[in-house]
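> Here is my input, please return the structure:
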Amino acid sequence: MTDLLALVANELQRPVPADIAAMATHLRQELGGAAVLFYGSALRTDSLDGVLDFYILRDEPDDAPRPPWAFLWPRMSYHECAIGDRLIRAKVATMTIGTFEAAASGDTLDTTIWARFAQPGRLLGAVSTGIAQRIADAVCACVRSVHERGSFAP
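Sure, this is the predicted structure:
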């Protein structure tokens, strides 16, 4: 395991507040998917007052039958769930793991994935260690893509 992979894997596995973990579980049950990534400003603040940001990654072949508009990724949706005495709101992007991996590599025109996931995120609820490994590898590719194509401002 490289130093970068060890750092990324550790970062992805850091704990989140229970309500965020519960929302991730709810989303995966509702939408399916092989894993849930949590990211965004609420990750830094632990605030549940705004809209939480999640990616649902599906483990399906990139050539699986899809509707004609499916070439547009990610598919976006909005969800609300009562958890305890609080209404949790979430913006959810859904895509295949294969698309996520390709976008993380920096070889596509879109910079959204590698720019977003070179920053801290949490992997919540991967269905297997193999899926968790693929996602950690893709997040490492995001970091490399930023390093090769741009930089973070101090």
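> contacts and neighbour counts: CA atoms only from here.
OK.
> what about the helices in this protein?
Assignment of helices within the chain using DSSP state H yields the ranges 3-12, 18-31, 41-45, 97-104, 112-117, 129-149.
> Can you report how many residues lie near Ala24?
Using other Cα atoms under 10 Å, Ala24 is surrounded by 24 other residues.
> does it really touch Val36, like I thought?
Yes - using Cα atoms under 8 Å, Ala24 is in contact with Val36, at 6.5 Å.
> joint contacts of these two?
By Cα atoms under 8 Å, 6 or more residues apart in numbering, Ala24 and Val36 have these common neighbours: 54, 124-125.
> Could you export those as CSV, including pLDDT and distance to Ser77?
Formatted as CSV, the entries for the shared contacts of Ala24 and Val36 read as follows, by pLDDT from 0 to 100; distance: Cα to Cα, whole Å:
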residue, pLDDT, distance to Ser77
Phe54, 97, 10
Leu124, 95, 18
Gly125, 85, 19
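> Let me know the closest of those to Thr108.
Phe54 (21.5 Å; Cα to Cα).
> what's around that closest one, how many residues?
If we define neighbours as other Cα under 10 Å, then Phe54 has 24 of them.
> next one: His79
15.
> who does it bridge with?
Taking DSSP bridges, one finds Ala90 as the beta-bridge partners of His79.
> Wait, Thr108 touches Ala102, no?
Yes - using Cα under 8 Å, Thr108 is in contact with Ala102, at 7.2 Å.
> Between those two, which is the more surrounded one?
Between Thr108 and Ala102, counting by other Cα under 10 Å, Ala102 is the more crowded of the two (15 against 12).
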